[in-house]
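Novice: based on what follows, work out the 3D shape:
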Amino acid sequence: MLLHVLGSAAGGGVPQWNCACPGCSGARAHPHWRRRHASLAVQASDDHWYLINATPDIGDQIEDCPALRPGPGSRRTPIAGLILTDAELDHTLGIARLREAGAGGLELLATDPVREALLTGLRLEAVLGPYTPLAWRELSPERPVPLTEDSPLTISAIPVSAKRPRYAAELPVPDGDSWVVALLLTDRASGATVVYAPALAVWPDALQAAAGQADCVIVDGTFWDDEEPRRTGISTRTATGMGHLPIDGPGGTAERLAPLRARCLYTHLNNTNPLVDPNAPQYKQLADRGIEVAGDGMVIQL
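Specialist: The predicted structure is shown next:
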């Protein structure tokens, strides 16, 4: 299984366009601090790749990853489709950027609530239909599906949260914990498994079971501790109140990751997270527990 980390930042990226916090100011002064919105590319077969989430940075993310660039034909692309973990804007705005797919269409894998939010709330099919047809496949926790007919990789959803995007708060879509999902990728040829969960409001038993058996676990590292949003002035709510389990502190995700046999990494870092600074002492705290931080451009092979 081959994965490319296309981005590792939370909504707004690092730096965020309207922010002069220490993380954003540091990223402007030191370009190697910069992080694009969290996304992952997964190789389904020799010449087919899927992107997990479609971020506002999707055009640059494709150009920065040679395996995703078009060719050898003038309009031939190795990108076979998109996999969505939720319907948040920072994970879906890039879909419109792929409207040039043309008559060949664009395949999207998503849960039912996510699909309905995008069709009803964002009117995605009405907007993109004149440019390219959308083909939907359901992400389900009960039925792993192969990424392509000839791919050894299967994918299934692990429901983790009923948190709706703000624009979908009043949509007539049933509530349920599949508004936000973690993804379980399995290589049937090698047996390798990856859990990818860029947004975690809770840590359900099903996620714990999958993480306990996985070879690689990549999870939400939006905030370092629960008080970070209030301390930095970006919100009156805590990290958990904003729908993100913190890394450190009682009940933090580092406590859950440290005992796992898997390679464990954090992604989806907010611009206020001290980990934005590559020299932050928090890196050593994580390293001492055997935990890493994903970086843009990182390649993971299992």
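
Novice: just the element for residue 156, please.
Specialist: Element membership of residue 156, judged by DSSP states H and E, is strand 153-161.

Novice: for that strand, packing partners?
Specialist: strand 145-146, strand 180-187, strand 193-197, helix 205-213 (3 or more C-beta pairs under 8 Å, 6 or more residues apart in numbering; DSSP states H and E). Using the backbone N, CA and C atoms, a C-beta is placed for each residue, glycine as well.

Novice: mean pLDDT lowest for which of those?
Specialist: Mean pLDDT is lowest for strand 145-146 among the helices and strands packed on strand 153-161, at a mean of 94.

Novice: packing partners for it?
Specialist: So strand 145-146, by 3+ C-beta pairs under 8 Å, 6+ apart, packs with strand 153-161.

Novice: now do the strand it packs on against strand 180-187, angle only.
Specialist: Angle of strand 153-161 versus strand 180-187, following axes from the mean of the first three to the mean of the last three C-alpha atoms, to 10 degrees, is 160 degrees.

Novice: find the nearest non-adjacent residue to residue 248, please.
Specialist: Distances taken as C-beta to C-beta, 6 or more residues apart in numbering place residue 225 nearest to residue 248, at 4.9 Å, with adjacent residues excluded.

Novice: now do residue 238
Specialist: Closest to residue 238 by C-beta to C-beta, 6+ apart is residue 226, at 4.7 Å.

Novice: quick one, what contacts the one you found?
Specialist: 238, 239, 240, 246, 249, 252 (C-beta atoms under 8 Å, 6 or more residues apart in numbering).

Novice: helix, strand or coil for it?
Specialist: Under DSSP: H, G, I helix; E, B strand; the rest coil, the three-state class of residue 226 is coil.

Novice: before we move on, what about residue 108?
Specialist: strand.

Novice: could you report the neighbour count for it?
Specialist: Residue 108 has 22 neighbours, counted by other C-beta atoms under 10 Å.

Novice: list the contacts for the closest residue to it other than its chain neighbours?
Specialist: In space, and not counting its chain neighbours, residue 108 is closest to residue 82: 5.0 Å by C-beta to C-beta, 6+ apart. The neighbours of residue 82, taking C-beta under 8 Å, 6+ apart as the test, are 50, 51, 52, 53, 54, 95, 98, 106, 107, 108, 109.

Novice: residue 106 too?
Specialist: Counting by C-beta under 8 Å, 6+ apart, residue 106 touches 81, 82, 95, 98, 128, 132, 133, 134, 135.
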